[in-house]
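*Asks:* generate coordinates for the sequence data below:
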Amino acid sequence: MQLIDLELDSDNELSFMVKVEGTRPGESSCRLMIEGPEMSYTFPGTVDTQGEVTVSIPPMDKILKEGTYKTDLEVIVDDRIFKPLSLSVNFEKAVTVTAEAVIPKKRAPRVTASASLLSSPVRKVEKSRVIHNESRKEADTIPKPVPQQKAPPERTTAKRSSKRSVSLSELNENELRKIIRDAFTTREKK
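*Replies:* Got it, this is the predicted structure:
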């Protein structure tokens, strides 16, 4: 069985040479039958005076799928059907070239952040001190003073006079506590 390749999505034209012999002359016609999976398709052929048969097959891409189908050339003489030629037709889609512009995806610039410390004043945070009163509880927070650029003068542990004006930064921790205690005791006495 001969194999013929045809394009599934375009017109195809097949030509055959047919010779009819007999004792009496008769009317003859030809057709090409393609057997599909669900039904058969028949295409009429035109015969010229030399016996050449031409069959045109329209695009079959809406009807058939790509593949090989059994095909017969049928010649009809009077009321009789002859099948002088059987072949296989391989339907394939014609090669098509398509092009489309592809726009590359722009990568978003990578966002980064960085930081560095240039300068910062250093402060030590001291825990707050709570002072309790007998009659009621009161809480006073005494922040530690921020160190100054100059070194503080020498501190003495001698008692200072309460009448003299003294800066808080000049007092040490024990002296500051004593002043606060004295203030609360004088307040209670009043």
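*Asks:* in the longest strand along the chain, what's buried?
*Replies:* If you go by DSSP state E, the chain has its longest strand at strand 80-92. By neighbour count on 16 or more other C-beta atoms under 10 Å, the buried set for strand 80-92 is 85, 87, 89, 91. The C-beta positions use only the backbone N, C-alpha and C, and glycine is treated the same way.
*Asks:* tell me what it is packed against?
*Replies:* strand 2-7, strand 67-77 (3 or more C-beta pairs under 8 Å, 6 or more residues apart in numbering; DSSP states H and E).
*Asks:* can you list the strands that it pairs with?
*Replies:* Partners of strand 80-92 in the sheet, by DSSP bridges, are strand 2-7 (parallel), strand 67-77 (antiparallel).
*Asks:* okay, buried residues for the shortest one please.
*Replies:* Taking 16+ other C-beta under 10 Å as the basis for neighbour counts, the residues of strand 2-7 that come out buried are 6-7.
*Asks:* strands paired with the helix or strand that that strand is followed by, and their directions?
*Replies:* Using DSSP states H and E, the next helix or strand after strand 2-7 towards the C-terminus is strand 12-17. Strand 12-17 has the following strand partners under DSSP bridges: strand 52-57 (antiparallel).
*Asks:* residues of the strand it pairs with that come out buried?
*Replies:* Buried-residue list, strand 52-57, by 16+ other C-beta under 10 Å: 53, 55, 57.
*Asks:* dump the residues you listed to TSV, plus distance to Arg80 and pLDDT.
*Replies:* Converted to TSV, these look like this (distance: C-beta to C-beta, whole Å; pLDDT from 0 to 100):
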residue	distance to Arg80	pLDDT
Val53	17	91
Val55	20	94
Ile57	25	93
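*Asks:* re the thing from before, from the buried residues of strand 80-92, which is closest to Asp9?
*Replies:* Distances from Asp9 to these, taken as C-beta to C-beta, are shortest for Phe91 (9.1 Å).
*Asks:* quick check, Thr27 in contact with Asp79.
*Replies:* I think there's a mix-up here, since residue 27 is Glu and not Thr. No - at 10.1 Å, Glu27 does not count as touching Asp79 under the criterion of C-beta atoms under 8 Å.
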